[in-house]
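[1] 3D model of this:
(2 chains)
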Amino acid sequence: MKTVVIGMSGGVDSSVAAILLKEQGYNVIGLFMRNWDTSVNGDYLGNPDLNESICPQEQDYNDAIKVCEKLDIPLKRVDFVKEYWDYVFTYFLDELKRGRTPNPDIMCNKYIKFDMFIKHAVKLGADYIATGHYARMKDGYLLRGVDDNKDQSYFLSQLSKEQLSNVLFPVGDLEKPVVRKIALENDLITARKKDSTGICFIGERNFKHFLENYLPNTKGDIINIETNKLVGSHVGLMYYTIGQRKGLNLGGNLQRLFVVGKDTTKNILYVALGDDNEYLYTDSCVVEQMNWNSDLKPLKCTAKFRYRQKDNNVEIEIIDDTHILVKYPQLVSSVTPGQACVLYDGEICLGGGIISKVLKNNKELWYL
RNA sequence: UGCCUCGUAGCCAAGCGGUAAGGCACCACACUUUGACUGUGGCAUGCGCUAGUUCGAAUCUAGCCGAGGCAG
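    Okay, here's the model as predicted:
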């Protein structure tokens, strides 16, 4: 009998994944990860949970315990607080300081869930590890989850072929409503639990207040890039991302105002009017830390530049082992440095990297 | 000092005697394992203030306050 160590988050997806694995005849061991510690990490400003008798993380753990008891599988617990800080959170802060928009969850998967976790699982005797991600593995290829609305392959794009080699995604073949139905049928405590959102392990938070714990916020000017006129002031460049419109506090216009760029040396935030503004659109980008999930490297494929974005047709130029040029002459809005560019060929997730430069007409945009 | 124009929600801005359009911002919710984006809903018992005229005024009249402009 093969042993599977499954990451139990305390949510529905991993709960149902555990059920499915058990039904498939595996020897299933649950493993709960703890990666964030409010007091160790100095996470106080804007933390809504400080006065709660039990924080959401502990609640999740309790839920995981109950699910495992119900399924009659053991549940272990492991602490990766330091590793999460060193490999994910410092990266996150460093990127923000550079004015980029990082995706910490992708790095969490790369360094924690599919690295530290796997190593720990092996110590527990794992032949395979499993998670509740909506994605599939088939013939060694990473595929999108069947439920197009919940597909999470985007977050797995930084994983190497080796990292994906002994991984199972039990709910990847299911639609989310079916997952909930299975949870209900099995009378799991997590059946009606709301899907978690927000940064992995940190949760749904007021982004600004959360960051104030770690980064100084330096106020600066907001300039309309088309008129070059001062139109307001921002509260710190790291709080804004390209394509953002909420939180600017600038009214009095006929159209909506969008963030189109930032100058970290001058501490200026650039905005422009209208969601179809030319300053929002680019036609190519350079991607660094390019990771291929398999040996497939087609030059024509599709790409997502942000999670849940619709697929864009692109052409690839390989620059070197870790850099590619992604071209999309039809123009795409709000392609943002720091975000992941993830490539697909139909259902196959080919891999992904981090957007480092964004260009238009072969020129790097000065305002990004 | 005289004359003229203008003062409608945080910002723009309709209305010009019949019981406050719209946009932006903001807030809430939905969506969402990245800060988006998007969608839905909410948002002036009151129209600079005070008196009048009128069945009825943001809309007419007078005075006052305030912001511009012209004349000096």
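
[2] How far off centre is the one helix or strand in chain A whose mean pLDDT sits lowest?
    Here the helix or strand of chain A ranked lowest by mean pLDDT, DSSP states H and E is helix A:207-211, holding a mean of 84. What separates the centre of helix A:207-211 from the centre of its chain is 17 Å, taken as C-alpha atoms, centre = their mean, to the nearest Å.

[3] ditto for stretch A:197-216
    14 Å.

[4] And stretch A:263-276, by the same measure?
    With C-alpha atoms, centre = their mean as the basis, the mean position of stretch A:263-276 lies at 24 Å from the chain mean.

[5] Show me where the stretch 1-150 of chain A has its helices.
    Secondary structure of the stretch 1-150 of chain A (DSSP state H, counting those that start in this stretch): helices located at A:12-23, A:56-71, A:81-83, A:90-97, A:104-108, A:117-123.

[6] could you give the angle of the first one to helix A:56-71?
    Interaxial angle, helix A:12-23 versus helix A:56-71 (axes from the mean of the first three to the mean of the last three C-alpha atoms, to 10 degrees): 20 degrees.

[7] What distance do you get for the closest residue to RNA strand B within the stretch 51-200 of chain A to A:Y307?
    Of all residues in the stretch 51-200 of chain A, the one sitting closest to RNA strand B is A:T101 (2.4 Å; C-beta to the nearest atom of the strand). Backbone N, C-alpha and C define where each C-beta goes, glycine included. Going from A:T101 to A:Y307 by C-beta to C-beta, to the nearest Å gives 12 Å.

[8] The two: which has the busier surroundings?
    For A:T101 versus A:Y307, the count of surrounding residues by other C-beta atoms under 10 Å is larger for A:T101: 20 against 15.

[9] Provide a list of residues in contact with that one.
    By C-beta atoms under 8 Å, 6 or more residues apart in numbering, the contact list for A:T101 reads A:E95, A:T241, A:I242, A:T336, A:P337, A:G338, A:Q339.

[10] Neighbour-wise, which one of these leads?
    The most crowded member of the contacts of A:T101, judged by other C-beta under 10 Å, is A:I242 (27 neighbours).

[11] Packing partners of the helix or strand that the least confident helix or strand of chain A is followed by?
    Going down the chain from helix A:207-211, the next helix or strand is strand A:220-224, by DSSP states H and E. Applying 3 or more C-beta pairs under 8 Å, 6 or more residues apart in numbering; DSSP states H and E, one finds that strand A:220-224 contacts strand A:229-234, strand A:268-273.

[12] what is the orientation angle of strand A:220-224 with strand A:268-273?
    Comparing the axes of strand A:220-224 and strand A:268-273 via the same axes, to 10 degrees yields an angle of 30 degrees.

[13] Could you give the average pLDDT over strand A:220-224?
    When pLDDT is averaged over strand A:220-224, the result is 94.

[14] these two touch, right, A:A183 and A:P177?
    No - the criterion here is C-beta atoms under 8 Å, and A:A183 misses it with A:P177 at 10.7 Å.

[15] more neighbours, the two?
    A:A183 (22 against 9).

[16] residues touching the closest residue to the more buried one other than its chain neighbours, list them.
    Excluding its sequence neighbours, the residue lying closest to A:A183 (C-beta to C-beta, 6 or more residues apart in numbering) is A:A191, at 3.7 Å. A:A191 makes contacts with A:V12, A:R180, A:A183, A:L184, as judged by C-beta under 8 Å, 6+ apart.

[17] Does the last one belong to a helix, a strand or coil?
    Going by DSSP: H, G, I helix; E, B strand; the rest coil, the secondary structure assigned to A:L184 is helix.

[18] what about it, how many neighbours?
    12.

[19] Got phi/psi on the residue nearest to it when sequence neighbours are not counted?
    Leaving out its chain neighbours, the residue that sits closest to A:L184 by C-beta to C-beta, 6+ apart is A:A191, at 4.6 Å. Phi and psi for A:A191, reported as degrees, to the nearest 10, are phi -50, psi -40.

[20] now A:A191: how far from A:P170?
    16 Å.

[21] Between its first and last residues, how far does stretch A:311-325 reach?
    Start-to-end span of stretch A:311-325 (C-alpha to C-alpha, to the nearest Å) is 17 Å.

[22] Would you mind pulling the contact partners of it?
    Residues outside stretch A:311-325 that contact it (C-beta under 8 Å, 6+ apart) are A:284-290, A:297-305, A:326-328, A:330, A:332, A:343-344, A:353.

[23] hang on, the earlier thing: how far away is the residue of the stretch 51-200 of chain A closest to RNA strand B from A:D221?
    20 Å.

[24] what do you get for A:S153?
    From A:S153 to A:D221 the distance is 40 Å (C-beta to C-beta).

[25] Neighbour count for the two, which is higher?
    Set A:S153 next to A:D221 and count neighbours by other C-beta under 10 Å: A:S153 wins out with 25 against 15.

[26] so what's the more buried one up against?
    Here A:S153 is in contact with A:H133, A:Y134, A:A135, A:L142, A:L143, A:R144, A:G145, A:V342, A:Y344, A:C349 (C-beta under 8 Å, 6+ apart).

[27] What is the burial count for the closest residue to A:W292 other than its chain neighbours?
    Nearest residue to A:W292, sequence neighbours excluded (C-beta to C-beta, 6+ apart): A:G351, at 4.0 Å. When neighbours are counted by other C-beta under 10 Å, A:G351 registers 25.
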